[in-house]
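**Q** show me how the following folds:
(2 chains)
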Amino acid sequence: MSSWLLRFCSGLLRMCLPLHIADALIGDLHEEYNTKKLDGNPSSAQIWLLSQTARSVWPFLLSTSNTLRAIMMLQGLFVFTILAVAIMYLSNMDDASRLSVEFWPQWMAGKPHQLFLEQDFWQFAFARELHESNIQMWLNPLSMAYAGLAWVLIKRAEKQIELSLIAQLFLVAGLMVLPYLWGVLIFILFQPEIRLTGPIVVSMWFPVLYLVLPLSWSLANIVSCRLGLN
Amino acid sequence: MPKDELQLGEFEQYVLLAVLSLGKGAYGASIRQQLHEAIARDVSLGALYATIERLEKRGLVISNLDGATAKRGGKAKRMIEVTTVGRKALQRSRQQLTTMWDLAQLRSIVYV
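**A** Numbering: from 1, shown residues only, chains lettered A, B, ... in the order given. Below is the predicted model of the structure:
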């Protein structure tokens, strides 16, 4: 029991703590636990071990860099979820009159994001459309290629070019927004028929959908690293 | 070094003083034990190591690995030493506290 408990606590600490701290801390934990076990009641030593492990994990889980990661990932997750629901909502929409009369002219002007101001979207999208989805709907080769290219570019810039933090943030934001601006430009220049607008909106939204989560994680790491947070 | 770098929190002062009092034998478990015996503070090893990490980044302590034993599951001890900057920071904290205590006593705010 005790060796299993020690292994469990050591594993948990190794998972949550930076490696250079974990080894020494686990050593101290072993030492004090073994001393307490020899000195008195083994079960109270086990309780001490569990409580020390739980209390030791928190200061590192709640470190500035982890909090920053959590905030950035939550933001990314929020954007990802909203976009995914919007895509499902539009894909499964059978009655265009659900949306307000002001929406479609805005859509034709290259502003599909106006959907997020629509009452019907917020009231019914989550309840009505989430179950109606298939995997093919989520695979858009052009957007996947763009997202892959953008990812490679960002990783190369991170490793090979000494960009400042601000420049790096601009690069990431720019690569995310670029397909959107491209789509808006197509709407303005070519004024496509409404039946042809779907693929354009797909090319505006899908790259963001593919990129937002990995980029949020990557950005959080870059910011933590550059600001020297622990 | 900027003066702000020498500002110490209460727990940081306790840790630095414990390390100084332990001399060459200061490492996580012994510092924890010292704090428990001297001022009855039951700190977690995690909180202690987070503080040591912060102090080391500010150049107030240095550490090196030493003394792996079977009792420690084969893990090395992280031995801690207070640097000259750390000693200066402690001196400064002590002076600041003494000044404030003197002021409080002069104005009869605190009766000790």
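
**Q** elements contacting the biggest helix by length in chain B?
**A** Looking across chain B with DSSP state H, the single longest helix is helix B:84-106. Counting contacts by 3 or more Cβ pairs under 8 Å, 6 or more residues apart in numbering or on different chains; DSSP states H and E, helix B:84-106 packs against helix B:10-22. Placement of C-beta: from N, CA and C, glycine included.

**Q** just give me how far the longest helix of chain B sits from the chain centre.
**A** In terms of Cα atoms, centre = their mean, to the nearest Å, the centre of helix B:84-106 is set 15 Å apart from its chain centre.

**Q** now do it against helix B:10-22, angle only.
**A** In terms of direction (axes from the mean of the first three to the mean of the last three Cα atoms, to 10 degrees), helix B:84-106 departs from helix B:10-22 by 120 degrees.

**Q** what comes up buried for helix B:84-106?
**A** Within helix B:84-106, the residues scored as buried using 16 or more other Cβ atoms under 10 Å in any protein chain shown are B:85, B:86, B:89, B:90, B:93.

**Q** so where is the chain shaky, pLDDT-wise?
**A** Chain wasn't specified; assuming chain A. Along chain A, the parts satisfying pLDDT under 70 run over A:1-2, A:64, A:125-133, A:224, A:226-230.

**Q** hmm, I had chain B in mind actually
**A** For chain B (pLDDT under 70), the answer is B:1-5, B:108-112.

**Q** domain assignment for chain A?
**A** For chain A, automatic domain parsing gives the domain ranges A:2-60, A:64-226.

**Q** most tightly packed of the ones you listed?
**A** domain A:2-60 (a mean of 17; mean count of other Cβ atoms under 10 Å in any protein chain shown).

**Q** does that domain reach chain B?
**A** Yes: legend: contact between domain A:2-60 and chain B by Cβ under 8 Å from any Cβ of the partner chain is shown at A:6, A:10, A:17, A:21, A:23-32, A:34-35, A:52, A:55-60.

**Q** ok so, going back, put together TSV for the domains of chain A, with distance to residue B:73 on each row.
**A** TSV is the format used below for the domains of chain A (distance: least, Cβ to Cβ, whole Å):
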stretch	distance to residue B:73
domain A:2-60	4
domain A:64-226	26
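
**Q** packing partners for the helix or strand hosting residue B:51?
**A** Assigned by DSSP states H and E, residue B:51 belongs to helix B:45-57. Where contact means 3+ Cβ pairs under 8 Å, 6+ apart, helix B:45-57 is packed against helix A:19-39, helix A:42-61, helix B:10-22, helix B:28-39, strand B:61-66, strand B:77-82.

**Q** quick one: residues in contact with the longest one.
**A** Contacts to helix A:19-39, defined as Cβ atoms under 8 Å, 6 or more residues apart in numbering or on different chains, come from residues A:2, A:6, A:9-10, A:13-14, A:17, A:44-45, A:48-49, A:52-53, A:56, A:60, B:27-29, B:32-33, B:45-46, B:49, B:53, B:65, B:68-69, B:71-78.

**Q** one more time with 6 Å
**A** Outside helix A:19-39, the residues that touch it by Cβ atoms under 6 Å, 6 or more residues apart in numbering or on different chains are A:10, A:13-14, A:45, A:48-49, B:28-29, B:45, B:49, B:71-73, B:75, B:78.

**Q** in CSV, list the helices and strands packed on helix B:45-57 along with distance to residue A:120.
**A** Below are these laid out as CSV (distance: least, Cβ to Cβ, whole Å):
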stretch, distance to residue A:120
helix A:19-39, 51
helix A:42-61, 40
helix B:10-22, 55
helix B:28-39, 59
strand B:61-66, 61
strand B:77-82, 60
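
**Q** which of the ones you listed sits closest to residue A:153?
**A** helix A:19-39 (30.3 Å; Cβ to Cβ).

**Q** tilt between that closest one and helix B:45-57?
**A** Using the same axes, to 10 degrees: helix A:19-39 against helix B:45-57 is 140 degrees.

**Q** now helix A:19-39 against helix B:28-39, angle please.
**A** 60 degrees.

**Q** skipping its backbone neighbours, what lies nearest residue A:146 in space?
**A** What sits nearest to residue A:146 in space, not counting adjacent residues and going by Cβ to Cβ, 6 or more residues apart in numbering or on different chains, is residue A:207, at 4.8 Å.

**Q** how much space between the one you found and residue A:113?
**A** 14 Å (Cβ to Cβ, to the nearest Å).

**Q** and residue A:96, by the same measure?
**A** Residue A:96 is 18 Å from residue A:113, by Cβ to Cβ.

**Q** do residue A:215 as well
**A** Taking Cβ to Cβ, one finds residue A:215 at 19 Å from residue A:113.

**Q** over to residue A:21?
**A** Taking Cβ to Cβ, one finds residue A:21 at 45 Å from residue A:113.

**Q** swap in residue B:98?
**A** 62 Å.
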